[in-house]
Structure formats: C-alpha cells, structure tokens
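Participant: Using only what follows, build the 3D model:
(2 chains)
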Amino acid sequence: MSDVSFVVNGRRVSGAVEDRTLLVHFLRENLGLTGTHVGCDTSQCGACVVHVDGRAVKSCSMLAAQASGSTVTTIEGLASGPDLHPVQAAFKEHHGLQCGFCTPGMIMTATDMISRHPEGLDEATVRAELDGNICRCTGYHNIVKAILAASKTMSKGATKGKAKQAA
Amino acid sequence: MGIEGVGARVARKEDKRFITGAGRYVDDMVVPGMKHAVFVRSPHAHAQIKKIDVKKAQAMPGVIGVLTGKELKADGIGNLICGWMIHSKDGSPMKMGAWSPLAVDKVRYVGDAVVVVVAETKGQARDAAEAVEITYKELKAVVDATKALEKGAPQIHAEAEDNLIFDWEIGDARATDAAIKAAAHVTRMKIVNNRLVPNAMEPRAALGHYDKAEDHFTCWTTSQNPHVARLVMSAFYNVAPENKLRVIAPDVGGGFGSKIYIYPEEIVCLWASKKTGVPVKWVADRTESFLSDAHGRDHVSMVEMAFDKDNRITGLKVDTIANLGAYMSLFSSCVPTYLYATLLSGQYNIAAIHANVRTVYTNTAPVDAYRGAGRPEATYLLERTMEAAARELGVSPAELRRKNFITSFPHQTPVIMNYDAGDYGASLDAAMKSADYAGFARRKADAARKGKLRGIGMSCYIEACGIAPSAAVGSLGAGVGLWESAEVRVNAVGTIEVLTGSHSHGQGHETTFAQLVNQRLGVPIDSVSIVHGDTDKVQMGMGTYGSRSGAVGMSAVAKALDKVEAKAKKIAAHLLEADEGDIVIENGALKVAGTDKNVPWFQVALAAYTAHNLPAGMEPGLKETAFYDPANFTFPAGCYICEVEIDPETGTTEIVQFVAADDFGNIINPMIVEGQVHGGIAQGIGQALLEGAHYDAGGQLLTASYMDYTMPRAGDLPSFKVSTSNTPCPSNPLGIKGCGEAGAIGSPPAVINAITDAIGIPDIAMPASPSTVWAAIRATKK
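Facilitator: All right, here's what the predicted structure looks like:
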C-alpha cells in the first residue's frame, strides 16, 4: 500500500492505495470524480486526460503514487465558479460533442494546447496535437472548430488582461 | 421557425453535464455493497471444454463467487437468440446454433465467455480470473466465410451443416440472367467489404442488482434500447418476468449499433447478483470490447451489372457471402438480407435485380448491425461497380449515374422497397458544384507537378431508415414490431415531460425533441424535459438505431402532442367561452383566432389539474400517450465526392476535400444533423483508409487494441463540406427522413473511387492503408 496526498481541484486529499492503483482509478473510485473516463487500456484514447501540475497527462499512464504531491485538475475543477471555462463554452457553442464520453479528455487536452500556444492555433496544429485523443462521434470537425474558437477567445482575454495590467 | 423551434440551430441542452464531467455512464454508477465481475474468456478460437477447475480461484483474496455455465443452465437461464427469422430459398428456416451466455461444452471464438468471477475489487476479480483452470481440447478453426463453406471445413455448430446458416435470395433470377445475356456491356466485380469494430468510446458495461426482499432485478446497461433488452431477457433468457426487471440505460457513450444487442454479460451480471447476493458490476476493457462486441460488415460479393447500348442499366446480379461469426447475434440475420439486398437498386432505375446471400458461421466474434448495417455494403457494391462501369464504357461517372437516376416518385424497385420521394439530380449537382468538380483536371495537373497523384471519386447513395413498418417487417421475419411510443405529460404549472422509447447516446434528443414541443406549444425548451432510457419511467419503446429516432420516435411525440393540443383547446374554448374550432396556439397562449381573447398555456394546464371548471364530462389532467407505427421506410439519399492526393513515395493518402450533399427531408436542428454527417463520414473514411479487423488463420484477433486497430484521428481527416437539399418525406407527419447513418453509408466508395482514380487501377482493398496503396502503385510500374 502507498500513502498518497494531492491537491485535487483546489482541495487537499490523501489516502492509502494499492501500489498498482492508477491515478485515473484513484480519481474515479476514491474521490468520486467520474468525469475522467477510461476508454481504453493502452493509453491511446485520451478520455482520461487531466492536468498534473499544469500539464495535460493521461491519468491511466501514471500511478496514483507517482502523482502524489502534485496538484491535479480534472474536468470537474476546470471552470472557476458557476461559469463555464471558455473551452467548455466553445465545445457547447460549436457542437463539439455528441455522446460526451471523450469530451472531458478532449477539453483538458484542448485547454493545455491553447495555453501552450499563446500565439494562437491553426487547424493543422490542432489536428496534429489531438493525436492522443480519439472521438468516434464527431469526426473531429466541430471539435477542431471549438478549439480554434476558444483559442481566439482566450487570446483576446489574455490581451485584455495584459492591457489592463499595463494601464 | 421560432428561435427554439423546428429548424433552429439550438445549442444542446444536455451538453452542460458532459462538458463539466457530470455525465452519468454505467461505470459511474455505484450501488451500496456493489462488487466487481471479470469474465474468463476463451483464448482459443475453437475448442472443447474438457474441465473447469475453480477451486484455486475461489480461495483467492476478496473472491465472492466463481460461476460457470453449468450453474447458469441449472438455474434455467436461456440461450441467446437471433430475433429475425430468415428462411432459405428451399423454405427451410435459418440454422441457429445454441449460444449459452457462459460456454458449457465448447468455445467458438477467442473471447467466448466461459466463467465469471465476482470479487470485492476489480483487481482481485482479475487476479482470481487468472487462477481459474480450464482444460481445452483445441479444434481446427476457420475465420474466412468462403473457406468455412468448403467441404472439410471445421464444423462450428451441429445445427448448421457446412457452417451455412441460410441460403437466401431476392428478386427475379430469370429476368436478371436474361438481361445480362442480352446486354451490350457487362461490368463484373468482386467486392470485398472489410470487417470493422464499431468502437463506441464508452466500453460496454453492466451493473446487475437483485433485490431479494422484492424479488426484483435492476440492470444498468450500455444499451441503445433498454425496453428491448428487458423484453428479450424476460421472454427468452428467463432472467425474470418483465414486471420484476427494470432496465436503465443512463448516459451511453456512443453505440453505432454495437449496443443494440443483448450480450451474455448483462444476463450473467443479473444472474450472478442473485447467486452471490451482491450487486455485480462489469465494465469491459477495450481489448474485451474488440473481442466480444458485435463486429460489422465482412461481406464478399460477386457482381454483374448489365448495360444496354445507351448505357442504361438493365440488370444487376449479386452473389454475396456474409460472415456472421461464431453465433447469431440478435439482429444479425436481417443485416445481409432485408437491410442490404433491398437497397441494391440504389438511386437507379434497374428493371431486373437478383441477389443471393449465404450467411456463414466462422470462429470469429458475432457480426451484426454497425452504423448503416447492410446499406453501406449495398452502396459500396453498387457505387464501386458504377465507377468501374463508367471507366469501362469511357463515360463520365457523373453522367452515367445521372442517366440512370430514378426521377419519378413513388418508385417501386424490384427488391421490395418503394421509394417515396427524392431528387437525386439535385444532390449530384450540389455536390459537384461544392467540390468544383469542373476544376479537378487543373488541380490534378498541379498535383502532378508536385509529384503527387490526385484522384476524385463520387458516390450516390440511398438508404432505407426510419425503421420500420411493423406489419411489413413482421411479414419478413422480424420478431418484434418497430413502432415507437411517446407520452407527453403536462404538469400543472405548464412545464412538460416527454417520455420516449427512443434512446439518445449522442444524438441530442433532449434538445431536438424539446424543439418539436416548442414548435407546437410555444413552451420554452428549458421548460421541456425529455425522459428516456428507463423501463420504469417509459412504458415501452423500441430504441434508437436505423436512424429511427426522428422519423419514428418524434412522430410518436407529434401524435401525442396532437392529443394534448386537442384537449388543451377544448379546455381553452370552455374558459374563453369560444368555439373549440376557433382556438389557435400562438406564443405560449391559446387564443380565439382573430381576437385578442386568450388564455396562457400555464393557465390551461392549471385548469386541467384543478378541475374546478372543465367542460362537462372531461377527465382532469393533461397527459397523453401515443404509439406511432410508420407507414413506410424513409429514403435519405445524397451524393458524396472525395478528392485525394497520394504521395507515391510513401503510399500516404491525404483527403484534400470531402463534400457531402444530402437529402434528409425536414430537419429539426441543422447543427445536430451536420454533426451526425461529420461523424458518419469519419467512420466511412475510417473503413476506406484505416480500419480493419484482422484474425490470423488460427482465429486470434490481431487488431484487438488501439495500438493495432487504426481508429481515425483528427490528423487523418479534413474538415468536411456538408450541405442538404431536402425533399420532405411524405410517409411520416414530420417529413423527416433520418440522418444518423448516411455518412457511413455514402463515404467509403467515394474514397476508394478517388484512390483508384488517382492510381489508375480498377480496384484496391479496404482499408487502403499506405502499404496497400504503395504496393498498388508499385504494381502499376511492373
């Protein structure tokens, strides 16, 4: 057994887990954060993507014990307050989801992608960087559209923020 | 059209829970005392079970029960069945072999369930499953349907001699042979439709809970049709009578057909819950899904298409062998027959058609309906053959198609279907314009200068959906009726619940069904809740598949709304002291036409429930139920154009543009319809370029994970250019044709026609992977 302790969605949590427990199982089973999904067993589908210390990670590819000590954000903790995160809002506006199963992983990947590309994104980059996330419903068309739109919104927001700071 | 009514591009009501991680799928369900099941599956494609020793497993930590097929049989649980009877042309019924939910004497494919282990944790169940000792005597296996029919092939079921399930025909053999004999030209093709794995992103799962005090079962399952699951588990599998069995399909993460069927696992979880006294949950690993979900397609066909001297099609002869796998899945028999051969007329006027279909057992996973189900196979066969014919005849593929289009409706084909409406020329024109078909030669020349091979291909598909008129399918062998039910419950404050037997697993019913209510009653869609997926809430339903939720499910809602509206008008007329015939519903109020006298909707609802002042003799309340049975299939159709650029050095195919021009009849929400088309096209491109389930000769599935089975990813696909030019469907009250499967039906031949055009070869196998394409290019240079 391993003792683990994290900050998950802003809340400090700890527990004792079997050594073989994956981060995704700890999140789902111990914390009841079932928004993070398991769609495969070979770390291919990306339905389980969360942010560990600010980076997108497939939570099936990491032991809970490995992640101990880190700060984890899941889909449930992405938005602050009652408002949707701009990426969540863009997925809704552009119909970037159908069955919703891959969606949490897509949104967590997209958020990370946008933050790594403050200069903005183009379609080819978005498609290339979605390599680790599989969707069977949408044909990716509207996911790509939603990510491009969110990237625009967020870079506008960032520019506004900077402008405010400068003023 | 109001801002939330029919035709409006309304964002989905259900999205919020999915984008915030609050969706509730079966694996998210927790019941107090719940334990975990793991199945021990056959590692052999074909073997006798000599001995099962569970002693070691039973002694493992956390183990609650280790159960076998013998115990299951002893408790009277029945075999799985195929619910659609097909008779061979000699009149004999199809040869259905026994399929026990847990194999007893013999296993017939890799993945066949043999033993179930229930333990405190999934990890413990998995460890114990590895300790179950099963002694097998291996038998020779056969995975290829053509080989399975050969003399001396391994015999898979005692009931089916030579592994032949049925040998069925449709159409007029003599007239077709005569047309071929008299033809000015005959195009002959061998058409192979590759085996696919549906791969909904949510793996199948089941949670069975037996309540001893009530002697009642609850099953949470990943189902597209929970009522059908309850019916079949009660009537055929002897799990429990219907009133003692509640089936709940909560949020379901995609289906594409694979979640229509009742599989061994939900039966076993329910039975095991009673046996062990604990709620039992099973969730498939992805590899388990690959092994045990029903696969799709897997046809081999020989085709002869006859033309007269004016290039008009005079006859079509088809001989198909369809691989149904190791057991007959629930609707497996209707896929290569009534969902396939009845569409062989395509969009074309063909006087004589004959198709012969043999279905065959092999040592592979069961094959059943996968998005399109039979119609992609028919479309691929026809549209590849049309393309080949155009090249042989030296005419434009577009003009050959146009010349043979059906242009007047209704049109009776020689293979049962009666097309009610369509305009195939309009879709072809729209697609060619959108694709700048006329500019292709220039683009091809530009590509050649860069050393690339550019090709263009089209496909004009038709499908039959809105499945289906009950009497018609009953006469063809269906074991169930294919109507749909709806209940509209108006609450006392005017808000509304619509209960439907349709099931949404991504289709957006919570939005589109509410849009219909908004259109009819003016109630905002936020005040309309759609209830589905629970047999305790919705009385009965046939579920969602065959692009039927709009055409059939919403038609049932429309019928129930008619009744609600009629009663509401009576109440309003009484309150307003007006004639019932003068009442109209506008902007959320019931009005006397041409006056300013009105009563708001909520007041009518309240009046129905206070019952203080209702017309004499009227029952209180405002709630109506309807069952809608369609008058005909619906016939969505369209034209897809694919343009590819191939790198001859690597064999990599890039889809440089993909155009879809569809006719879906009336559309409730264009945003959702476009999404359905996008997803369908992606699956069709997947079939054409990337996907294929491969078994080795011994029956091991080589493509059993996402490391081996190539799922389309974002980088494999372009953005799509989709449009519609619609002719309303005259066969249902809403004029809807259905759009869920079109993309997967129409796209594969467009892609392969483009690739063969680019390389200048008559045919290439699907999936046209880079190595296949590279080899084909090399072969042209020899």
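Participant: Next, count neighbours for residue B:177.
Facilitator: Using other CB atoms under 10 Å in any protein chain shown, residue B:177 has 16 neighbouring residues. Heads up, the C-betas are built off the backbone N, CA and C, glycines and all.
Participant: Tell me the spacing between residue B:625 and chain A.
Facilitator: Noted for residue B:625: a distance of 28 Å to chain A, by CB to the nearest CB, to the nearest Å.
Participant: That residue: neighbouring residues, count only.
Facilitator: 16.
Participant: Please apply the same query to the one 4 residues further on.
Facilitator: Residue B:629 is surrounded by 16 other residues when neighbours are defined as other CB under 10 Å.
Participant: Distance check, the residue lying closest to it once chain neighbours are set aside against residue A:93.
Facilitator: Distances taken as CB to CB, 6 or more residues apart in numbering or on different chains put residue B:483 closest to residue B:629, at 3.9 Å, once the chain neighbours are dropped. Applying CB to CB, to the nearest Å, the value for residue B:483 to residue A:93 is 36 Å.
Participant: and if you look at residue B:431?
Facilitator: Using CB to CB, residue B:431 is found at 28 Å from residue A:93.
Participant: Tell me which residues touch the residue nearest to residue B:629, please.
Facilitator: Residue B:483 sits next to B:470, B:542, B:552, B:556, B:627, B:628, B:629, B:630 when contact means CB atoms under 8 Å, 6 or more residues apart in numbering or on different chains.
Participant: Model confidence for the fourth one, exactly?
Facilitator: According to the predicted model, the pLDDT of residue B:556 comes to 97.
Participant: What of the third one?
Facilitator: For residue B:552, the model assigns a pLDDT of 96.
Participant: Could you count how many residues lie near it?
Facilitator: 30.
Participant: Bridged to the nearest residue to it once chain neighbours are set aside, which residues?
Facilitator: Take residue B:552 and drop its neighbours on the chain: the residue closest to it by CB to CB, 6+ apart is residue B:484, 4.5 Å away. Legend: beta-bridge partners of residue B:484 under DSSP bridges are residue B:628.
Participant: mind checking how far residue B:484 is from residue B:565?
Facilitator: On the measure of CB to CB, residue B:484 and residue B:565 end up 19 Å apart.
Participant: of the two, who's got more company?
Facilitator: Higher neighbour count among residue B:484 and residue B:565: residue B:484, with 28 against 17, using other CB under 10 Å.
Participant: list the contacts for the more buried one?
Facilitator: Counting by CB under 8 Å, 6+ apart, residue B:484 has contacts B:500, B:501, B:502, B:541, B:542, B:548, B:552, B:553, B:555, B:556, B:627, B:628.
Participant: so the second one makes contact with residue B:486?
Facilitator: So that's residue B:501. Yes - assessed by CB atoms under 8 Å, residue B:501 is found in contact with residue B:486 at 7.3 Å.
Participant: Pop the domain breakdown of chain B in here.
Facilitator: What automatic domain parsing lists as the domains of chain B is B:31-139+B:208-281, B:299-467+B:632-780, B:483-628.
Participant: from the ones you listed, which stretch is densest packed?
Facilitator: domain B:299-467+B:632-780 (a mean of 22; mean count of other CB atoms under 10 Å in any protein chain shown).
Participant: and residue 155, what is it in contact with?
Facilitator: The chain I'm using is chain A. By CB under 8 Å, 6+ apart, residue A:155 lies in contact with A:118, A:120.
Participant: my question was about chain B
Facilitator: Residue B:155 is in contact with B:161, B:162, B:163, counting by CB under 8 Å, 6+ apart.
Participant: three-state assignment of residue B:459?
Facilitator: strand (DSSP: H, G, I helix; E, B strand; the rest coil).
Participant: Wait, it touches residue B:744, no?
Facilitator: No - counting by CB under 8 Å, residue B:459 sits too far from residue B:744 to count as a contact (11.7 Å).
Participant: before we move on, which element is residue B:268 in?
Facilitator: Residue B:268 is part of helix B:264-276, with elements assigned from DSSP states H and E.
Participant: Please name every helix or strand in contact with that helix.
Facilitator: The helices and strands touching helix B:264-276, judged by 3 or more CB pairs under 8 Å, 6 or more residues apart in numbering or on different chains; DSSP states H and E, are strand B:35-41, strand B:63-68, helix B:69-74, strand B:113-119, strand B:205-211, strand B:216-221, helix B:226-235, strand B:280-283.
Participant: Compile those into TSV and extend it with columns for mean pLDDT.
Facilitator: Shown next, in TSV, are the helices and strands packed on helix B:264-276 (pLDDT from 0 to 100):
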stretch	mean pLDDT
strand B:35-41	98
strand B:63-68	98
helix B:69-74	98
strand B:113-119	98
strand B:205-211	98
strand B:216-221	98
helix B:226-235	96
strand B:280-283	98
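Participant: Let me have the ones you listed in CSV, extended by distance to chain A.
Facilitator: Below are the helices and strands packed on helix B:264-276 laid out as CSV (distance: least, CB to the nearest CB, whole Å):
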stretch, distance to chain A
strand B:35-41, 10
strand B:63-68, 16
helix B:69-74, 26
strand B:113-119, 13
strand B:205-211, 10
strand B:216-221, 13
helix B:226-235, 16
strand B:280-283, 8
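Participant: so can I have CSV of these showing distance to residue B:589?
Facilitator: Shown next, in CSV, are the helices and strands packed on helix B:264-276 (distance: least, CB to CB, whole Å):
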stretch, distance to residue B:589
strand B:35-41, 55
strand B:63-68, 60
helix B:69-74, 59
strand B:113-119, 58
strand B:205-211, 46
strand B:216-221, 42
helix B:226-235, 36
strand B:280-283, 49
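Participant: Which parts of chain A are helices?
Facilitator: A:23-25, A:64-67, A:86-93, A:103-116, A:123-129, A:141-166 (DSSP state H).
Participant: looking at those, which is closest to residue B:778?
Facilitator: helix A:123-129 (28.7 Å; CB to CB).
Participant: Right, I'll leave it there.
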